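J.: Here is my input; please provide its structure:
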Amino acid sequence: MSAAPQFKVVVCGRAGVGKTSLLHATDPAARVTAPQPTIGVEFITRTITVADGRRVCLQFWDTAGQERFGAPTALVYRNATAIIFVYDITDRDSFMAMEHLLGAALAVPNARSPYVIIIGNKLDLASTQRAVTTAESEEGCRARNYSLLETSAHTRENVDEMLNTLAEELLARFDHTPPAPVEHVRLRLAGTRIDAPSAPPRAQCNC
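T.: Below you'll find the predicted structure:
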């Protein structure tokens, strides 16, 4: 069996929108907890089997809240094949940050245009605390040709749909091209230097 293609997926959004919780929720066996805020970049890898039986290795880069650490942005987004922007549907400011954060991400020179999906998280609070309507989100995404999905990291609602959408879209767009070579980037966060490969080692994919 041939190795599953690997795709680098960078997750961005303001602090507190649930980026890390959402990625932890992609593991059905994991217990849903409130993780500590991410400092630096956390790697989470998931192997997905799509409807036609093909497997895809998604290598998620969970950023540290770029409003606090702006300098590493270009390095983090290098060779990304997909960008997930996460906002909190109960926090209007987190949605309005899309233009700024995604603009910075998409300005990074890249050999191929990344697929962009917008995730409205905390759907479990929609009935009582929603501040951003689905219609408004759809209008903003349609104008920019972005995909949109609302999820709940707490209940895992639509989390599998997010994974399947990513896997199928990336296969359709990029499976015919060779993966970008692994390169090492140097991130400097709050005075601490972190050396990290631009993609986690293949062994981590369990492919």
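
J.: if I pick the residue nearest the centre of the chain, what's in contact with it?
T.: The chain has residue 11 as the residue nearest its centroid, 2.8 Å off, counting by Cα atoms, centre = their mean. Residue 11 makes contacts with 19, 22, 23, 60, 61, 62, 63, 83, 84, 86, as judged by Cβ atoms under 8 Å, 6 or more residues apart in numbering. Glycine gets a C-beta too; all of them are placed from N, C-alpha and C.

J.: Now residue 87. Its backbone dihedrals?
T.: phi -130, psi 170 (degrees, to the nearest 10).

J.: Quick check: the gap between the closest residue to residue 90 other than its chain neighbours and residue 91.
T.: Leaving aside its sequence neighbours, residue 90 sits nearest to residue 129 (Cβ to Cβ, 6 or more residues apart in numbering; 4.1 Å). Shown here: residue 129 relative to residue 91, a distance of 9 Å by Cβ to Cβ, to the nearest Å.

J.: Compare those two and say which one has the larger neighbour count.
T.: residue 91 (18 against 12; other Cβ atoms under 10 Å).

J.: The closest residue to the more buried one other than its chain neighbours: what's it in contact with?
T.: Spatially, and ignoring its direct neighbours in sequence, residue 91 is nearest to residue 131 (6.2 Å; Cβ to Cβ, 6+ apart). In this structure, residue 131 makes contact with 89, 90, 91, 92, 95, judged by Cβ under 8 Å, 6+ apart.
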